[in-house]
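Visitor: Sharing a sequence plus its predicted fold:
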Amino acid sequence: MPELPEVEVICRGIIPHVRHARITDIRYSGKPLRTVVPIDAMRDTLLNVPIEKIWRRAKYIVFSFANDMTLIFHMGMSGKLTLCPPETPPAKHDHLFFTLDSHIQLRMNDTRRFGQVVFVDREKSGDLETTVFKNTGPEPFSEACSGSYLHRRARSSNQPVKTFLMNAHIIAGIGNIYANESLFAAGIHPATPVSNLSLYQWEELMKKIQAILHWAIDCGGSTINDYINASGEQGYFQANFKIYGKDGTPCTICRAIIEKMKIGGRASYFCPVCQKI
DNA sequence: CAAGTTACCTGACGGC
DNA sequence: TGCCGTCAGGTAACTT
């Protein structure tokens, strides 16, 4: 599921059902996630406290409570937040169950358990950007995340551009799929050393990144309405993949056969004609 | 010290 | 059928 668009879709889907609600009960499967689940702190401080605000930062979903405590979820490779009636039997890999006073249950399901839940105490909650997110790069839709910003960060590096885009310390929210798709849209070979790219190329790439992320959110958004009923909910964007997973098939632009290579240990797809180093 | 590798975990898939 | 290796949308801690 979870790159920026998927996390954004989950977030938008749960907001109407969760905002202003209070958690009345928290249960935990006991299975370890990527980091220790702060079950005691959650039970001690969050029960019956209104949830004030829910938003996305990078690939994280942040819940802030009326008592200034904050809870942050990361979905890892396979995590989801789902809503269901509280009496719904636990599904395989449901790990956290938050019963709400709105007679709904928010669940975190995560097959591979690379996800995490971070509890942030009152003292640090006020300034997440300088604590939890101090090493997280700017949001792709923000002013700070411009072509010139990327150009500057790339100056003294020979990293492949795809690895650079997937580095959350440089720019937030881009994973393997959207790195591949954005580079195809921009006509840039994923192995291109970042120092080779001109300011103009960074500006064009940044526009493609934003357009593709917006498009993907809109596609996922079409399933938001029935999110509460959704079992195995999916966005539509995979129907629009132009390069990810398309090795061996013709490029939609030039009909050349799409190739696959590993870059930084991750599957990378490119058109050998349209994407130049 | 930038950049490559490993570790965390389950499940799906292909080859034999 | 089943056993094995490989791979999967992320990230941080390692090593080189």
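Guide: It's in.
Visitor: Which of the helices or strands spans A:Phe63?
Guide: Per DSSP states H and E: A:Phe63 is located in strand A:60-65.
Visitor: strand partners of that strand, parallel vs antiparallel please.
Guide: strand A:51-57 (antiparallel), strand A:70-74 (antiparallel) (DSSP bridges).
Visitor: With respect to A:Phe133, which of these lies nearest?
Guide: Closest approach to A:Phe133 among these is made by strand A:51-57 (5.9 Å; Cβ to Cβ). (Each C-beta comes from the backbone N, C-alpha and C, glycine too.)
Visitor: for A:Ile26, helix, strand, or coil?
Guide: State at A:Ile26, reduced to three classes by DSSP: H, G, I helix; E, B strand; the rest coil: strand.
Visitor: In this structure it contacts A:Pro38, no?
Guide: No. At 10.4 Å, A:Ile26 does not count as touching A:Pro38 under the criterion of Cβ atoms under 8 Å.
Visitor: Now do the shared contacts for those two.
Guide: Shared contacts of A:Ile26 and A:Pro38 (Cβ atoms under 8 Å, 6 or more residues apart in numbering): none.
Visitor: thinking again about what came up before, deepest-packed of the strands paired with strand A:60-65, please.
Guide: strand A:70-74 (a mean of 22; mean count of other Cβ atoms under 10 Å).
Visitor: Can you give the contact residues for the strand holding A:Phe63?
Guide: Residues contacting strand A:60-65 (Cβ under 8 Å, 6+ apart): A:7, A:10-11, A:18, A:45-46, A:49-56, A:70-75, A:81, A:125, A:128, A:133.
Visitor: circling back: could I get the strands paired with strand A:60-65 as CSV with distance to DNA strand C and mean pLDDT?
Guide: Compiled in CSV, the strands paired with strand A:60-65 are given as follows (distance: least, Cβ to the nearest atom of the strand, whole Å; pLDDT from 0 to 100):
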stretch, distance to DNA strand C, mean pLDDT
strand A:51-57, 10, 97
strand A:70-74, 6, 97
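Visitor: Include distance to A:Gly220 when you put those into TSV, please.
Guide: Formatted as TSV, the strands paired with strand A:60-65 follow (distance: least, Cβ to Cβ, whole Å):
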stretch	distance to A:Gly220
strand A:51-57	12
strand A:70-74	17
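Visitor: how about these, which one is nearest A:Trp202?
Guide: In terms of Cβ to Cβ, the element of the strands paired with strand A:60-65 nearest to A:Trp202 is strand A:51-57, at 23.1 Å.
Visitor: what's in contact with the closest one?
Guide: A:4, A:7-8, A:11, A:14-15, A:18-23, A:61-66, A:128, A:133, A:136, A:139, A:172.
Visitor: Show me those that map onto strands.
Guide: Mapping the contacts of strand A:51-57 onto strands (DSSP state E) picks out A:Ile23, A:Ile61, A:Val62, A:Phe63, A:Ser64, A:Phe65.
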